[in-house]
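*Asks:* sequence and predicted model, in that order:
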Amino acid sequence: LTHVLRLIAFRLLAFVPTLIAASIVLFIAVNVVPGSAAKAALGIDATPQAIARFEHQHRLDQPLHVQYLAWLGRVLRGDFGNSFQNHVPVGPELLARLPVTLELSALAFLIANLIAVPLGALAAYFHQSKVDVSVTFMATVMGAIPNFWLATLLILLFALTLRWLPAGGYVPFYDDPFRNLELMVMPAVSLGIVSSALLLRIMRAAMLEVLSSDYIRTAIAKGASQSVVIWRHAIRNALIPFLTVGAVEFGFLFGGVVIIEDMFLLPGIGSLVLVGIINRDYPVLLAAALVITVVVLTANMIVDLLGSLLDPRQVHARSGR
Amino acid sequence: MGMQRGAIGAIGDDQQRGVAKRPMLDRSRSLARVALIASLTALPLAGPAGAQQHGGTLIAAFSADPAGFDPVRGPSGMSHVVIEQVFSTLMLLDPDANPIPGLAESYEISEDGLEYTFKLREGVTFHNGDPLTAEDVKFSFDRLRAPDSGYSYGSQVETIDEVEVVDPLTVKFKLSQVTGPFLIYMAFPGSSIVPKGLVESGHDLNAHPIGSGPFKFVSYQPRSAIKFERNPKYYEEGKPYFDAMEYRIIPDITALTNAVMSGVVNFSNEIPPKDWATVQSNPDLVGKAIEGSRYYWLLPNNTRPPLDDLKVRQAVAHAIDRQAIVTGAFFGQATPILGGVIPQWNWGYADLSHFSPRGDPEKAKQLLAEAGHSDGFETSMTIASSFPAMVAMAPIIQANLQAAGIQATIGTMEIPRYWDEVWSTSNFDITTMYWLSPLADPDDFVTNNYKCGMAINVQKSCSDAMDDLLERAKAAPTQEERKELYRQMQELSLEEMGIVPLVNGWILIAHTKDLQDYQPMRTGFLKTLKDAWFE
């Protein structure tokens, strides 16, 4: 147990410098992108005086490191500043949007896993058969599809032609669970299917490795039934390398929702990133990017911990056997 | 000039319906039908009176996010379509953009045109219950006129010398000079009347606007939605008809169009021309096209050779096939501008057939030869990539110019970079832009673009003759005199060719079939939603 606690403490310690490093990179990246925030916010007929006033008011006329430290100081106090565009505080907006993106990426992740785990296991079990070839081929195709293209086709078919599903929009889950899921299906599927490709190949490889290992052969030799071998020994062990990749993939999903949220009118973090870039709305863009960084880092941390819990060696260490 | 009086008494339903209802360009792709609007304007409304039903929620889609709701601070068109629902103005615009009384039930203009006296309606209240009086009117305009107000449309109120409360329901505006568009300014959302007591007590209208308009503000979810509910005490009795309205903000225009097509929303006035045919073939939707004042211009940099030569600019202007732009970039949903820029529906229109609709490359070549460029020249055209219509226009213009011997290379740039590196620094040979006039007065159609030193005169065309005409046209005492001066101004604009006018893109509206009696406005504003209802 102390080992696990030490692990958690170590990960948390590494979390802070990683976050600060990421925030510096973000801050520089946002500021070196060409285009002026003042001109984007004030519009086509802004006078030079109005632009100067705007830049002074938002400290954009100060050196970058001064701006960064001032921003960091405010963020540490929980203040993400006000949007340049609509003067509304960014913090509460982030909090309101976070559940949307979390739900979307969780659903997409679930769909990806529901496809990847059984099909990956199946392909490995029927290694080099027709099943394996067709599953692998399918994974290659799915992995090559851009998610926004798949989303366009889904909208065209299910919303505009068949009219089975709404083309977009959002209703909170606690307001109307059925409507919420109805609105989440297409965005989650278009993200999930594309994500499943990589996961499927990882699952297949992990499963192949497990199936050819000594303890599986021993289990079979001992006369264990096929289902026990597959479910208790093979899949469980194959899931460990799978999970590590899965966490990275979840991070990709959470950060990759930008276009999909925009297409399906979901008011999440991703669409916030997009308007932040388009409008050069630095407070919005920085805050949204920071949230994505935190979520990705947290997902990685959790999986590291989970991985060590699932690893048989850890289990044995804990129970003292 | 004699005493003028506005309409007296409340605008009854009959007047609204009988005079103002115009048949629209329903499901038309034919250019010739634009003329039809004008010729059918006198037709009365077909439907029976009193058929309106209350109820329902209108969900409208917009691509832009508003930038504040306080009339003094909202600088953008998207702020204004919110402000106009929540607040009231002294005057209103009819769908053809003529000023008609709003909060004022009548008005008088003094003989010298320098004093406007408005008689307010009795019994109008703000959403918080406060009565609306002349004090609120004075307060609202003093607030806009304050030196540090930061009001984006300060030029509209700069000729107001004093606002005087005559009695609780009478207010007098004293002007420093005759201001032709004054009544139009009084209908502009920025001129909304705000509650004096509430604002003085520190209430932030930007966060929660409170006015006396047809709809009460309920909530704003940034970059997502604005919600309204019906104001049951609105001064036009029985109106509005919807129980509630919701503006959805959908930045991606394709997603917006999908939302309209699939019935997620039931109203949009931002349908892209390329999707117009699809809207028209959708049995659940009604499409309405109206010519407003959305001009697309080609801006030659008047300070860069060889475009500093007016003959070269004229050559560019004559080389362009405007009909090809209408067909190719606007799918027929635009009017080619063949003379001055003031559109035919407006009283400032001057019938100057200066350009051939298909362009005249021979004339262009001849003008180039006169300017000493008989072999043509090379130039560049920088386009903001965020405007699909302008991206679509660019290769057509390029081909037109090439036919006249001008080799233009096209460069595109993402919009924030474009504002910064091209637009505001006038760092271009040729660029294109559009100007959407929210005022429907000829002054607003031309002064911002043609007058020397204006913020959007980035092509840097300056002439004393032009400035003089613009100023005189704005301040002339009668509409006839103003019309004549705008005709001269438009003739001069074609001679100087500081700007090359291209086309006027129509406002394309789609709404669900159950929405009745909705009349689009030339200005693109949505105040007339208060007159519409669900079947």
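*Replies:* Great, that's in hand. Numbers count the residues shown, from 1 in each chain, chains lettered A, B, ... in the order given.

*Asks:* which residue ranges of the stretch 1-150 of chain A form helices?
*Replies:* All helices of the stretch 1-150 of chain A, identified by DSSP state H, counting those that start in this stretch, fall at A:2-32, A:37-42, A:48-57, A:64-76, A:90-125, A:130-144, A:147-154.

*Asks:* format the ones you listed as JSON lines; extra columns: mean pLDDT, mean neighbour count and distance to chain B.
*Replies:* In this view, the C-beta of every residue, glycine as well, is placed from N, C-alpha and C. Formatted as JSON lines, the helices of the stretch 1-150 of chain A follow (pLDDT from 0 to 100; neighbours: other CB atoms under 10 Å in any protein chain shown; distance: least, CB to the nearest CB, whole Å):
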{"stretch": "helix A:2-32", "mean pLDDT": "85", "mean neighbour count": "13", "distance to chain B": "12"}
{"stretch": "helix A:37-42", "mean pLDDT": "80", "mean neighbour count": "23", "distance to chain B": "4"}
{"stretch": "helix A:48-57", "mean pLDDT": "82", "mean neighbour count": "14", "distance to chain B": "8"}
{"stretch": "helix A:64-76", "mean pLDDT": "91", "mean neighbour count": "13", "distance to chain B": "17"}
{"stretch": "helix A:90-125", "mean pLDDT": "92", "mean neighbour count": "20", "distance to chain B": "5"}
{"stretch": "helix A:130-144", "mean pLDDT": "91", "mean neighbour count": "15", "distance to chain B": "23"}
{"stretch": "helix A:147-154", "mean pLDDT": "92", "mean neighbour count": "17", "distance to chain B": "8"}
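
*Asks:* just the endpoints, please. Distance across stretch B:302-311?
*Replies:* Here the two ends of stretch B:302-311 are set 11 Å apart, with distance taken as CA to CA, to the nearest Å.

*Asks:* can you give me the buried ones in stretch B:528-535?
*Replies:* Across stretch B:528-535, burial judged by 16 or more other CB atoms under 10 Å in any protein chain shown covers B:528-534.

*Asks:* returning to what we had before: any chance of the helices of the stretch 1-150 of chain A in TSV, plus distance to residue A:211?
*Replies:* Shown next, in TSV, are those (distance: least, CB to CB, whole Å):
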stretch	distance to residue A:211
helix A:2-32	29
helix A:37-42	56
helix A:48-57	63
helix A:64-76	49
helix A:90-125	6
helix A:130-144	12
helix A:147-154	31
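
*Asks:* list the contacts for the residue of chain A found nearest chain B?
*Replies:* Across chain A, no residue is closer to chain B than residue A:35, which sits at 3.0 Å (CB to the nearest CB). Neighbour list for residue A:35: A:280, B:414-417, B:419-421 [criterion: CB atoms under 8 Å, 6 or more residues apart in numbering or on different chains].

*Asks:* among these, name the ones in helices.
*Replies:* B:415-417 (DSSP state H).

*Asks:* where does the most centrally placed residue in chain A land on pLDDT?
*Replies:* For chain A, the residue whose C-alpha lies nearest the mean C-alpha position (CA atoms, centre = their mean) is residue A:254; its distance is 2.1 Å. Confidence at residue A:254, expressed as pLDDT, is 84.

*Asks:* now it: closest residue in space, sequence neighbours ignored.
*Replies:* Distances taken as CB to CB, 6 or more residues apart in numbering or on different chains put residue A:105 closest to residue A:254, at 4.4 Å, once the chain neighbours are dropped.

*Asks:* show me what contacts that neighbour?
*Replies:* Counted by CB under 8 Å, 6+ apart, residue A:105 has contacts A:191, A:250, A:253-254, A:257.

*Asks:* which ones among the ones in helices among the contacts of residue A:35 also lie next to chain A?
*Replies:* Here is what survives when the ones in helices among the contacts of residue A:35 are matched to chain A using CB under 8 Å from any CB of the partner chain: B:415-417.

*Asks:* out of these, the closest to residue B:361 would be?
*Replies:* Closest to residue B:361 out of those is residue B:415 (31.9 Å), distances taken as CB to CB.

*Asks:* what about the residue found closest to that closest one once you drop the neighbours it is linked to in the chain, neighbour count?
*Replies:* If the residues on either side of it in the chain are set aside, residue B:415 comes closest to residue B:386, at 4.1 Å by CB to CB, 6+ apart. By the criterion of other CB atoms under 10 Å in any protein chain shown, residue B:386 has 15 neighbours.

*Asks:* so residue B:386, which of the three states?
*Replies:* Residue B:386 carries the three-state label coil when classified by DSSP: H, G, I helix; E, B strand; the rest coil.

*Asks:* show the backbone phi and psi for it.
*Replies:* phi -80, psi -10 (degrees, to the nearest 10).

*Asks:* that one contacts residue B:413, doesn't it?
*Replies:* No. Residue B:386 is beyond contact range of residue B:413, at 9.2 Å (criterion: CB atoms under 8 Å).

*Asks:* okay, now whichever residue of the stretch 1-150 of chain B sits closest to chain A: neighbour count?
*Replies:* At 5.3 Å from chain A, residue B:67 is the closest residue in the stretch 1-150 of chain B, using CB to the nearest CB. Neighbours of residue B:67 under the rule other CB under 10 Å: 23.

*Asks:* tell me the contacts of it?
*Replies:* With contact set as CB under 8 Å, 6+ apart, residue B:67 has these partners: A:41, A:85-87, B:73-76, B:78-79.

*Asks:* state the phi and psi torsions of it.
*Replies:* Taking degrees, to the nearest 10 as the convention, residue B:67 sits at phi -110, psi 60.

*Asks:* same question for residue B:108.
*Replies:* When read as degrees, to the nearest 10, the backbone of residue B:108 gives phi -130, psi 140.

*Asks:* can you get me a residue count around it?
*Replies:* Applying other CB under 10 Å, we find 15 residues neighbouring residue B:108.

*Asks:* so what's it bridging to?
*Replies:* Beta bridges link residue B:108 to residue B:5, residue B:117, judged by DSSP bridges.

*Asks:* ok, back up a step: can I get the ones in helices among the contacts of residue A:35 in TSV with neighbour count and pLDDT?
*Replies:* As requested, these are exported to TSV (neighbours: other CB atoms under 10 Å in any protein chain shown; pLDDT from 0 to 100):
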residue	neighbour count	pLDDT
B:415	18	84
B:416	23	83
B:417	19	87
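
*Asks:* residues contacting residue B:472?
*Replies:* By CB under 8 Å, 6+ apart, the contact list for residue B:472 reads residue B:485.

*Asks:* from chain A, how far off is it?
*Replies:* Counting by CB to the nearest CB, to the nearest Å, the gap from residue B:472 to chain A is 23 Å.

*Asks:* roughly how far does that residue sit from residue B:435?
*Replies:* 22 Å (CB to CB, to the nearest Å).

*Asks:* helix/strand/coil for the residue nearest to the centre of chain A?
*Replies:* With three-state DSSP as the criterion, residue A:254 was assigned helix.

*Asks:* same thing with residue B:390?
*Replies:* Assignment for residue B:390 (three-state DSSP): helix.

*Asks:* ok, back up a step: need phi/psi at the residue of chain A closest to chain B.
*Replies:* The phi and psi torsions at residue A:35 (degrees, to the nearest 10) take the values phi 120, psi 140.

*Asks:* lovely, talk soon.
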